[in-house]
Each structure stands twice: as structure tokens, then as C-alpha cells.
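Q: sequence and predicted structure are below.
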There are 2 protein chains.
Amino acid sequence: MTSIHTERRVSLSEIEALARDVLLARGVSFAQADAVARNVTAAEADECRSHGVYRLIGYVRAVVSGKADGRAVPSMTQVSPAIIRVDAGRGFAPLANEIARPALVAAAQSLGIAVLAINNCYHNSAMWVDLEPLADAGLVSIGMTAGQCTVAPHGGSKPVFGTNPFAFGWPRPDGAPFVFDFATSAAARGEIELHQRAGKSIPLGWAVDAEGRPTTDPAVGLAGAMLPFGGHKGTALALMIELLAGPMIGDLTSQESFAEDEGMGSPPLGGELIIAFDPVRFLGDDFAGHMARAETLFSSISGQDGVRLPGDRRLEARAQSVQNGVLVPARLLEELELLRAGGGGRG
Amino acid sequence: MTSIHTERRVSLSEIEALARDVLLARGVSFAQADAVARNVTAAEADECRSHGVYRLIGYVRAVVSGKADGRAVPSMTQVSPAIIRVDAGRGFAPLANEIARPALVAAAQSLGIAVLAINNCYHNSAMWVDLEPLADAGLVSIGMTAGQCTVAPHGGSKPVFGTNPFAFGWPRPDGAPFVFDFATSAAARGEIELHQRAGKSIPLGWAVDAEGRPTTDPAVGLAGAMLPFGGHKGTALALMIELLAGPMIGDLTSQESFAEDEGMGSPPLGGELIIAFDPVRFLGDDFAGHMARAETLFSSISGQDGVRLPGDRRLEARAQSVQNGVLVPARLLEELELLRAGGGGRG
């Protein structure tokens, strides 16, 4: 048996083909599989392993259980000149985003601000991948989604929030846009799962057991409750995300998504909200000068010893990955090759 | 001389009259003075002392120094059907908000989402006061502003951010809306100043000295740099606020605002951004049912031992204050009475 520490180097095109094939082998449509494959490949390229090919196991589980519809065709509605709504039809987030993006960009360019509400969607992917193309189109954006019900409020013990990621994108005049994406939990659930797979303990502050007591055991934390980052302020932000990406757009809270899953362990079903701004509409002729002031701000942060801009590590990893491919745990690759061949897949 | 620990009980109407008179005595226009007076009174009523009448000293300083224009008449422009812009003319935020609010509400009701960009404004007040009336009008909202350059990025030592408050409002079918408002610094600057006035030390993690070393001395921390809450995630959020309420709307970053102040210690000059959503436009006929699901979420949080909803403490304090008035440090009242009589005021 392969050691859990063995890794293999794989090119990005191999990663993308493997991801697509794994999903196609489970009857997922080409459009859904291709969009997911590009998303997990982007995550691997940026060394966001917790959102990389590892996530395919969850995608497969969602399809095999019958919870997700791997052949869903997202349906878009223009609710108002500023609101684009997509019913993802219990399919996956990447395709819903791709289909809606041109309408979102057009609405934001027309009005200066527009919003995309994706409903009825399995969101199992890194959110910065949803925002980066908006920044490439010159738009500023904010994205959020709820998730599996795993995070207790500060001071409590019962999970009510998902990891509720919050992402932000900003176009930069030269080079890659500035995009950050963080879980409002102290750690991403995927990070705790990877600690569990690697047999490592987790830092205090990431999770509590079922009675609300601190734990360093990833299994105990996953069975108990994760904690928000930043105490009561992180809790407030998580609650805002629940409300905006849930009830405000007519979609599930994390608690409701958990109930809907009936213990199958699928990725979370629910909504995603993206707000897009066109800075050109705010700034007019002064656009370039104001964007240059933002660059001064970036420099005054990254110019400090010991400080990096959020996302910089990802961009450096990406440059390496394009050249050299990425390292993937050999055991995970074996598991995925089995899935590609039509085996495994009970989750 | 009055002990710094002595407090006097004052009614809310006395607070409001005192605040207005203090500003009128410095030549501030009735409209600006009245809006500020209602804002600081609301903060006192909710026991947000750091944003209460104590702030009048900063308002007076800004007017006396000639930095702020106490007689400014805010000027509103509809940039697009979804963007309302107000040039505050170096006046104060409360009046700019009041003047723009009807247009913001109308735009959000029409399109489902709209944005208010206030420029050229001295923001020295609690931001939840700006959002509560939007929630009373049935709108969901997000507000943010930059501020005095006092907060270093996580891992750094040089201030680049303001305390960069972030606020969120959500209408509730019964009773007061849900509104939170937190500084993205570990503590509000006003809290550190109040510790200094009271001769108390500050907790570790609030601030570093000029070389980036941890400190518990409020004076040393105010001279060095405050820290963001939540490490690199709080830092990312602070940076987002700088960009959105600064360059994106053509206004100053905290660093630029600091340079503009020329060491006068005025409240920060800059922008304020408010995004307003009309949930009715997102939810249509299902509005009531989805808002009821939000209430279930609130209950599952406040129903846990040891957990309170953000803002609950304020609402409880408000109910008491309306009945019994509020306690204000006697020394501060003496200082304000001197200002009311036309004395003091060099800051």
C-alpha cells in the first residue's frame, strides 16, 4: 500500500483531464464536469489543496447519492436590470457562474452595481475562482455562500453556520487581480479533513467537541462544531453571509441545508451571492488616477517586513505550477484513478 | 476638581440639546448640528459611549481647525439608476446620510440593489445609526468607511488602515431590526482613548508600539499602531473596506486622509459606502416565508447558552435609556458645558 506521505507530480492538464473523467464516469454532463474540472485545477495550480482534486470525492458522493443532479442545465432569469438569478437545478456552482457571468458583467457595466443570486446549487469549490474572471473584466466584486452546518457561534456549542466563505476581487492595472477568499470559520473544513487524513492534530481554537469544549482532535472537532475566526466579529460576519446568501435570495440556511442532506455527507446545497461593481461607472474620467492610488495602498502593505498581500502566495504557486505541475498525494490519485475507471464511489 | 470616576445621569433630550448647542456655539449650521446631535444621542442611548457625546470634542476640533466645514450643504447626484453620490463638502456624515436616504431607498426598491457613495465627508459617528433607518424602510444593507490611519496589517508595524468599521442591517418582521457594526481593528480607537482617559491599561492584541512590539499602554498604542481583529482575515477585510470606501468611489485611503489632516487630530476625512438591497425584489410573493426562516436562524443562535445576537445589548440599553436617561462622566459634561458656553475648543 502507498504511504500516506508519498506524493506524485502531475501536470495541470493531467489534473484537469482526470477531474473531468472522474465526473463523466458518474454520468455527469460534459458542461458540468468541464466547469468543475477547470475549477479544481485552478485550485490545485494555486496550491489550495483543500479545494483541489480532493473535492472530487465529495462531488462524486453528491451524484451517486442522487442528491446532486450532474446533468442539470442552469436556468437564468433577469429579475431586474440589476439582479441576475440562476436556478442551478441542483447542479454545481462552477457552471452556474459561467453561464451567468456575461449578464452580470453587462448589468454591472450598465448600472455600476449588479448582483448575481445563484439558487439551488451545490457549492463545493473555491470562491476566488468565481471572482477572478470578474476582476479580469474590470469589475470589483464580493462573493459569499453558506455551507454545511458545522460552525457554532462564538461562545456557543451548536453548529448554525457553514464555513461561510467570503471573497473579494479587485482589478489591478498591471498583472493579476487582487482576490482574497477566506472561510469565516477559524479554518476551512477541508483543512481539518486533510489534517484527519494525514493523522495530524489541529490547533486549539479551530473547533470544539459536542459539549462545546476545546479539542485538537480533527475527528472530534468535525463531529462537534468548528469555531468562527475573530470571536464575536467573525460570528457577526458569518451570520450576515447566512442571511444574504440564504433567506435574502430565497435559499437555504446552513441548518436547512444540513437537514436537506439527510446525513449523506454531500457538498452543501444552497445559494451563492455575488455583488459586482464597475469602478469606471463610479470614477469616470478619473478612473486611472484612483486605481493608481489603490496600487500605492497595496505597496504600503506588501512593502512592510513580514507582511504579504492576501492571494500573493497563490499567484506565486500558480507560476510554479504552470511550469512544473503540482504534487498530489499518491493515495488520493489512486482513489481518483479508481473512480475514473468506474469503480469506488460509494463515498 | 471632579473625580474622573464621577458620573451624572442625563436625559436623552438633554444630551441632544447639549450636543446641538455645543456645535451651534462653534458656528455649525443648524442642519449639520441637528443631524450630529441625533447621531451622538442615539449612540449614548445604546450605551456606545465611544461614539456618544465624547465625540463632540473631535467635531469641535475639526471645525475650529478649519478642516471641516460646519456649514456645508451636501450635494446629491444620481450617477446611474443604481448609484447615488453625495458630495458632503467637508461636512459631517449624518446630514449627508439623511439627505441621500430617500433616493437610496427608492433606487433599491426599484432595482433590488443600489449603492450610496458619500464623498468628502468627516465620518466621526457610529455607522449602525446610518443603517437602522434603511432597515426600518425594509432594506438590507452593508455599510463601511475607512478612517484615521492607525491600524497596521497583521504581522506589520506601520499603520495603513483606519479602524474601518463594517456594518450590516436586516429588517425583522416584529420589533427592532438586526444591525451590527464593528471596527475591523481589534478595538475601536475610541475605546483605547476612553481607557487612556480612565487611566486603564489595554488588553494585549489591541495595539503595538512604533516598532511593532505588543503593548498594554493606551498612549503607546495610540502613538504606535492598532491591530486588526482576526489576524490575516481581519486584515483582508480592512483592506477591502479601504478600497471600496476609498479609491473605488474616488475618495481618500486612510493614509491619504492622515496626510490631509496635517496633524490636527480631526476626525477622518473620506468616503462612506452603503449598499442597500430590497429583499422584496429578490423574494417576490415568498417574501414573508423567507424572512420567517431568517427568524428561525436568529432563534437558533440566541437560544444557545452564553450567546447573544450582535446588537441585542444595544437594544436593551436603549429601552433603559429612554426611561432613565444615561450616565455620562461628570468631567466630560463639564468640558461640554464649557464648549456650549463658547469657551474651550482648542481641542
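A: Done, it's in. Numbering: from 1, shown residues only, chains lettered A, B, ... in the order given.
Q: contacts and neighbour counts: CA atoms only from here.
A: OK.
Q: okay, helices next: where are they in chain A?
A: A:12-24, A:30-45, A:56-64, A:93-111, A:128-136, A:189-197, A:218-223, A:231-245, A:254-261, A:279-283, A:287-302, A:312-324, A:330-340 (DSSP state H).
Q: of those, which approaches residue A:210 most closely?
A: Among the helices of chain A, helix A:218-223 comes nearest to residue A:210, with 6.9 Å by Cα to Cα.
Q: of the helices of chain A, which is nearest residue B:191?
A: Among those, helix A:231-245 sits nearest to residue B:191 (Cα to Cα), with 15.9 Å.
Q: quick check: closest non-adjacent residue to residue A:53.
A: residue A:40 (5.6 Å; Cα to Cα, 6 or more residues apart in numbering or on different chains).
Q: let me fix that: residue A:244
A: Spatially, and ignoring its direct neighbours in sequence, residue A:244 is nearest to residue A:273 (7.1 Å; Cα to Cα, 6+ apart).
Q: what pairs with the one you found across the strands?
A: Using DSSP bridges, the bridge partners assigned to residue A:273 are residue A:117, residue A:144.
Q: got a list of what the spatially most central residue of chain A touches?
A: By Cα atoms, centre = their mean, chain A has its centre lying nearest to residue A:126, at 2.4 Å. Residue A:126 is in contact with A:39, A:40, A:43, A:51, A:181, counting by Cα atoms under 8 Å, 6 or more residues apart in numbering or on different chains.
Q: run the last query once more with 6 Å
A: By Cα atoms under 6 Å, 6 or more residues apart in numbering or on different chains, residue A:126 lies in contact with residue A:51.
Q: show the pLDDT at the residue of chain A found nearest chain B.
A: Relative to chain B, the nearest point of chain A is residue A:230 (4.1 Å; Cα to the nearest Cα). We have a pLDDT of 94 for residue A:230.
Q: what separates the closest residue to it other than its chain neighbours from residue A:233, distance-wise?
A: Closest residue to residue A:230 apart from its sequence neighbours, by Cα to Cα, 6+ apart: residue B:230 at 4.1 Å. Computed with Cα to Cα, to the nearest Å, the distance linking residue B:230 and residue A:233 is 8 Å.
Q: low-scoring stretches of the stretch 151-300 of chain A, by residue?
A: Within the stretch 151-300 of chain A, the set of residues satisfying pLDDT under 70 is empty.
Q: quick check: residues of it near chain B?
A: Counting by Cα under 6 Å from any Cα of the partner chain, the stretch 151-300 of chain A comes close to chain B at A:155, A:156, A:230, A:247, A:248, A:249, A:250, A:279, A:282, A:290.
Q: mind checking which of those residues are buried?
A: For those, a burial check counting by 16 or more other Cα atoms under 10 Å in any protein chain shown picks out A:155, A:156, A:230, A:247, A:248, A:249, A:250, A:279, A:282, A:290.
Q: can you list the domains in chain A?
A: A:7-185+A:228-300+A:304-315+A:325-340, A:186-227 (automatic domain parsing).
Q: pick the most buried one from those domains.
A: A comparison of the domains of chain A by mean neighbour count, using mean count of other Cα atoms under 10 Å in any protein chain shown, puts domain A:7-185+A:228-300+A:304-315+A:325-340 on top with a mean of 22.
Q: how much space separates residue A:58 from residue B:285?
A: Going from residue A:58 to residue B:285 by Cα to Cα gives 35 Å.
Q: and if you look at residue A:172?
A: Residue A:172 is 41 Å from residue B:285, where distance means Cα to Cα.
Q: got it, and residue A:117?
A: Using Cα to Cα, one gets 17 Å for the distance from residue A:117 to residue B:285.
Q: for residue A:54, same thing?
A: For residue A:54, the distance to residue B:285 - Cα to Cα - is 41 Å.
Q: ok, residue A:124 next?
A: Residue A:124 is 30 Å from residue B:285, by Cα to Cα.
Q: same question, residue A:233
A: 33 Å.
Q: over to residue A:208?
A: 40 Å.
Q: now swap in residue A:182 and tell me
A: 34 Å.
Q: cool, residue A:177 as well?
A: 39 Å.
Q: and what of residue A:98?
A: As for residue A:98, its distance to residue B:285 is 28 Å (criterion: Cα to Cα).
Q: go on, residue A:44?
A: According to Cα to Cα, residue A:44 and residue B:285 sit 43 Å apart.
Q: which pLDDT value goes with residue A:2?
A: 58.
Q: right, I mislabeled it, should have said residue A:138
A: Confidence at residue A:138, expressed as pLDDT, is 98.
Q: OK, contacts around the nearest residue to it once chain neighbours are set aside?
A: Among residues not flanking residue A:138 along the chain, residue A:171 sits closest, at 5.5 Å (Cα to Cα, 6+ apart). Applying Cα under 6 Å, 6+ apart to residue A:171 gives the contacts A:135, A:138, A:177.
Q: give me that answer again for 7 Å
A: Under the criterion of Cα atoms under 7 Å, 6 or more residues apart in numbering or on different chains, the neighbours of residue A:171 are A:135, A:136, A:138, A:139, A:140, A:177, A:178.
Q: can you tell me the closest non-neighbouring residue to the second one?
A: Distances taken as Cα to Cα, 6+ apart put residue A:171 closest to residue A:136, at 6.4 Å, once the chain neighbours are dropped.
Q: over to the first one?
A: Here the nearest residue to residue A:135 in space, its sequence neighbours aside, is residue A:171; by Cα to Cα, 6+ apart that works out to 4.6 Å.
Q: and the one you found, backbone torsions?
A: The phi/psi pair for residue A:171 (degrees, to the nearest 10) reads phi -70, psi 140.
Q: how near is it to residue A:307?
A: From residue A:171 to residue A:307 the distance is 21 Å (Cα to Cα).
Q: was I right about residue A:50 contacting residue A:190?
A: Yes. Using Cα atoms under 7 Å, residue A:50 is in contact with residue A:190, at 4.9 Å.
Q: overlap of the contact sets of those two?
A: Common neighbours of residue A:50 and residue A:190, counting by Cα under 7 Å, 6+ apart, are absent.
Q: show me what contacts residue A:329?
A: Taking Cα under 7 Å, 6+ apart, we find residue A:329 in contact with A:5, A:6, A:7, A:8.
Q: alright, calling it a day.
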